[in-house]
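# sequence and computational prediction follow.
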Amino acid sequence: MISHLSTKSAISLLAANSLINANLHNSSIHCAYYACLQMIKYYLLTKYGYKEERDLDNDFKYYNDKRKNKIGTHIFYADLIYEKFKSMRLEDEAKSFRNEIKVLQHAREDADYKPIPLATITESKEAVKKAENILKLLTKL
């Protein structure tokens, strides 16, 4: 069922805030990012012609097979949403979405994989704010 993605997104954002309160900032950033990814996938599957996740996966495979430099599914999904904003002539929203999701994705990658110091409360609050901005932008689709 596709609606589970919307519910998971809301839960992930709640978890991100709870993790800030527990001083678990790397995990908070992780949850903030995935709240967005889950909602992006929800929108793609409910509003843009993808009947099943399999259809979205097939488009990703076809798209990536044509590329010399392969990309991951997260970038593919974000690119699809960016193009939806542009096709609706929502240029400012498209630009904001692309910038916000890239910054949040990099923050999540750093929080999850980089051998850097643990994330700070400021970084996790910024990630949650970016996630909230992205989720608000998605409602314009």
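Ah, there it is.

# dump the residue contacts of His106.
Contacts for His106 (CB atoms under 8 Å, 6 or more residues apart in numbering) come out as none. Any C-beta I mention is one placed from the backbone N, CA and C, and that applies to glycine too.

# how far out from the middle of the chain is the helix or strand harbouring it?
Here His106, judged by DSSP states H and E, is contained in helix 91-113. Put simply, helix 91-113 sits 8 Å off its chain's centre (CA atoms, centre = their mean, to the nearest Å).

# what are the buried residues along the helix or strand following it?
The helix or strand immediately downstream of helix 91-113 is helix 121-138, counting by DSSP H and E. Residues of helix 121-138 classed as buried: 123-128, 130-135, 137-138 (neighbour count, 16 or more other CB atoms under 10 Å).

# between those residues, which is nearest Ala16?
Val128 (5.1 Å; CB to CB).

# I'd guessed that closest one sits against Ile20; true?
Yes: between Val128 and Ile20 there is a contact at 6.8 Å, judged by CB atoms under 8 Å.

# mutual contacts of those two, please.
In contact with both Val128 and Ile20: Ser28, using CB under 8 Å, 6+ apart.

# any idea how far Leu37 lies from Arg89?
Per CB to CB, to the nearest Å, Leu37 is found 25 Å from Arg89.

# neighbour count winner among these two?
Leu37 (23 against 8; other CB atoms under 10 Å).

# skipping adjacent residues, who's closest to that one in space?
His74 (6.1 Å; CB to CB, 6 or more residues apart in numbering).

# check Ile71 too.
Distance criterion CB to CB, 6+ apart; nearest residue to Ile71, sequence neighbours excluded, is Asn64 at 6.4 Å.

# check which helices and strands the host helix or strand of that neighbour sits against.
In this structure, Asn64 sits in helix 53-65 according to DSSP H and E. Under the contact definition 3 or more CB pairs under 8 Å, 6 or more residues apart in numbering; DSSP states H and E, helix 53-65 sits against helix 25-47, helix 73-87.

# good, wrapping up.
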